[in-house]
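Colleague: structure, please.
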Amino acid sequence: MKKLKIITMAAVCALFASCMGDSYAEPDANAPAPFGNNELTETNVITIAQLKSRYATYLATDYRDGDSYAKVADDIKIKGIVTSSDADGNIYQELALQDATGAVIVAVAQGGLHGSLPVGTEVLVSLKDLYVGNYGKQAEIGVPTTNKNGATFVGRMSRFTWDRHCKILSTGNKVEPAEFAVGSNVTTWSLDADGGRLGILRNVSFKSSNNPKVDSTFADANGGAGSVSWTLNEQDGKKVIVYNSNFAKFANSRIPAGKVDITGIFKRFNNQWEILIRSLDDIKSAEKTDPFKGLPGKGDGTQGRPLDITRALAYAKLNKKDATPYYIKGIISQIDEVSLKYGNARYCLSDDGTTANQLQVFRGFYLNGDKFTSASQISVGKKVVILGTLDYYEATSTPQVGKGSKIISIN
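Modeller: Down below sits the predicted model:
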């Protein structure tokens, strides 16, 4: 009897398998996406930058001062690639979308968005009848939301509304974070244009949190609704913070010691950058980068290997707004002014002492940073090593050593 039951069950299984056929075993890769509105077409598509330009007035208005959002009446659409993930709970009920021109946040009252819209998914968004506005000056797409105080601003749309307005175009697109800054360098990103982008801040270290109870973890897993923000040693804490939700899966993980590279969504909150990491994989030990890689000339800017003028000129012309002081060697080729009133000098350096391919030294000081007391302390033809920052004076298109440099040696 037992043997008969086994044979019968095997026959039933074989019957079901034959009925299911090949289509069950091998899904159709060309079938429409099971999420979103597959009826949407790629017509009237504008860039994210163009969208921000159209609604610039609303994006710049605080909700307490006037209308901070507007309904989209035209049949326009945007395309963007998802760069955010809510899998670890640090990003909540929103998506960060970006194209080649900028980024925008889409507010959706739905959890688990990473399931249907993982990082690298390209979506088409129909904007007609949605609202474009800002939350803390961060550009956002959603619907009007009223808080407990009666103030209205753009907030989360329902998942049903979102489902009608989006279409998945492709998946698996690779998105590389753009460089926000390195170390203590000031970023060149624009709060208006770049808020919401996927970025990376290199070679920084954690300083302190805004919560006296939290001194070694990202957030407080037992703190309830809320967040913990961390400042960084190398960046202005009033301008750049790392924002962590108490509900993030990594809330009670320890803050790493030493220098790290931080990848995340760089959101705007008024005049501050908030970095939202998506998971602990977004924080890695700092990679050593060579800012002079590929540039002509010699040197790495250290005292043992100062930059020659060829390389210093090439780097200054990049206009990276780098606040790092570098050692630079050259021959004084021209002296424009030695100010005994202010104790500084304006002169030029070149590799060969001629006036070709000169680097201007703007208001530099004498040995060890002392003030000049005599014009004869420097002269054309002298070989010097100086320590100063490299920048590019855009008004006159002049690569230069910024003011405040000092001579290390002269002979």
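Colleague: quick one: buried residues of the strand or helix carrying residue 366?
Modeller: For residue 366, the host element (DSSP states H and E) is strand 359-367. Applying a neighbour-count criterion of 16 or more other C-beta atoms under 10 Å, one finds 359-366 buried in strand 359-367. Any C-beta I mention is one placed from the backbone N, CA and C, and that applies to glycine too.
Colleague: would you turn those residues into a markdown table with pLDDT and distance to residue 319?
Modeller: Listed next are the buried residues of strand 359-367 as a markdown table, based on pLDDT from 0 to 100; distance: C-beta to C-beta, whole Å:
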| residue | pLDDT | distance to residue 319 |
| --- | --- | --- |
| 359 | 98 | 14 |
| 360 | 97 | 15 |
| 361 | 98 | 18 |
| 362 | 97 | 15 |
| 363 | 97 | 19 |
| 364 | 98 | 20 |
| 365 | 98 | 24 |
| 366 | 98 | 28 |
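Colleague: and the residues you listed, which is closest to residue 213?
Modeller: Proximity of the buried residues of strand 359-367 to residue 213 (C-beta to C-beta) peaks at residue 365, which lies at 46.1 Å.
Colleague: all strands of the stretch 51-200 of the chain, in order?
Modeller: Ranges of strands within the stretch 51-200 of the chain are 69-71, 77-82, 94-99, 102-109, 122-126, 131-135, 138-146, 152-155, 157-158, 166-170, 178-182, 197-204, based on DSSP state E, counting those that start in this stretch.
Colleague: looking at the ones you listed, which is closest to residue 347?
Modeller: Using C-beta to C-beta, the nearest of the strands of the stretch 51-200 of the chain to residue 347 is strand 178-182, at 29.3 Å.
Colleague: helices and strands around the closest one, which ones?
Modeller: strand 197-204 (3 or more C-beta pairs under 8 Å, 6 or more residues apart in numbering; DSSP states H and E).
Colleague: what angle do the strand it packs on and strand 94-99 make?
Modeller: Relative orientation of strand 197-204 and strand 94-99, computed by axes from the mean of the first three to the mean of the last three C-alpha atoms, to 10 degrees: 90 degrees.
Colleague: what lines up beside the strand holding residue 366 in the sheet?
Modeller: In the sheet, strand 359-367 lines up against strand 344-350 (antiparallel), strand 398-401 (parallel), strand 406-410 (parallel) (DSSP bridges).
Colleague: so what's residue 189 up against?
Modeller: By C-beta atoms under 8 Å, 6 or more residues apart in numbering, the contact set of residue 189 is 180, 197, 199, 266, 273.
Colleague: nearest residue to residue 134 in space, please, no chain neighbours.
Modeller: Nearest residue to residue 134 in three dimensions, chain neighbours excluded: residue 59, at 4.7 Å (C-beta to C-beta, 6 or more residues apart in numbering).
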